[in-house]
Each structure stands twice: as C-alpha cells, then as structure tokens.
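# sequence and computational prediction follow.
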Amino acid sequence: MTLLEFKDHVASLPNGAKFDYSISNPFSWRGIYAEVAFSIEDIPCTKKDILDKIEMAYNETFQGYKGGDFQYNDYTEIHFEESIGSYTDGDYCVNKIAEIAKEEVPHDNEERLVKLIFVKL
C-alpha cells in the first residue's frame, strides 16, 4: 500500500470517526529506508488524528536507521513495525492482526494459509 492509498482510505471514512487503535508518528522503515513505517498504538484516536500523522510523512525529512535523509511522497510504500529500528519483514503485521482479531498467532505464513484454506466443514 502506498502513502496515498493509506491517506485516501482514511479520508474516505466518515468525519468524526473514532477508532480503538491509532498509528505512531511516521519513521523510516529499516527494511528500506526510502519507505515509511508506522506502529499500531493501542490508544483511541479520531480520523483527524490519523490524517495528521500521515501528513507528517509528507512534510518532514526522515533519517534512516543507519543514516541518510529521506522524504516521502504519494507513491512511497508504507509498512507497519513495532518501533523505529525494528524489522520483522511482515511478522509484526501478522501478529497484530491475530491480536486484534483475537486469533491464534500462526507459527508462520504457511501455517496461516493452510488453516485458512483447509477448514472443517
């Protein structure tokens, strides 16, 4: 998902919408510093709160974990990680989805795929 797609999705939600979760301030993703990342925060927020944090990604210069300055635009890919300096290559998202959905955390993506496809009828 790109920064613009994320922004457009949130903008399409009803004005005054409130959520049980928020996002952190943006930071440079350790996987590819030229891409932006956010953490999911277990605190209530509003649509405006999220849009304000997304806008920060457009308006600031970010430093990569090991150096370099980066600026983000509409076409910048977004990621979710636990914190700046974290790199889980998607495991953070898998674990957070399981936590929010109150599901068992799969051992790996293959296990998750098998359990989604081959269910008892």
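Received the coordinates, thanks. Residues are numbered from 1 along each chain as shown.
# where along this protein do the strands fall?
18-19, 22-23, 27-28, 36-38, 40-41, 45-46, 62-63, 69-70, 78-80 (DSSP state E).
# so what are the sheet partners of the last one and their directions?
In other words, strand 78-80. strand 36-38 (parallel) (DSSP bridges).
# need the residues that contact the strand it pairs with.
Strand 36-38 is contacted by residues 3, 23-30, 53, 57, 62, 72, 76-81, 84 when judged by Cβ atoms under 8 Å, 6 or more residues apart in numbering. (C-beta placed from N, C-alpha, C; glycine too.)
# about what we covered before: out of the strands of the chain, deepest packed?
strand 36-38 (a mean of 25; mean count of other Cβ atoms under 10 Å).
# for this protein, longest helix please?
Using DSSP state H, we find that the single longest helix of the chain is helix 47-59.
# what's the mean pLDDT across it?
The pLDDT scores in helix 47-59 average 97.
# okay, buried residues for that helix please.
Neighbour-count burial for helix 47-59 flags Lys47, Asp49, Ile50, Lys53, Ile54, Met56, Ala57, Tyr58 (criterion: 16 or more other Cβ atoms under 10 Å).
# elements contacting it?
With contacts taken as 3 or more Cβ pairs under 8 Å, 6 or more residues apart in numbering; DSSP states H and E, helix 47-59 sits against helix 3-11, strand 18-19, strand 22-23.
# for the longest one, name the packing helices and strands.
Using 3+ Cβ pairs under 8 Å, 6+ apart as the contact criterion, the secondary-structure elements in contact with helix 3-11 are helix 47-59.
# what residues are up against Gly64?
Residues in contact with Gly64 (Cβ under 8 Å, 6+ apart) are Ser28, Arg30, Tyr33, Ala34, Phe70.
# how near is the one residue sitting closest to the centre of the chain to Asp20?
The chain has Phe80 as the residue nearest its centroid, 3.1 Å off, counting by Cα atoms, centre = their mean. Distance, Phe80 to Asp20, using Cβ to Cβ, to the nearest Å: 16 Å.
# many thanks, have a good one.
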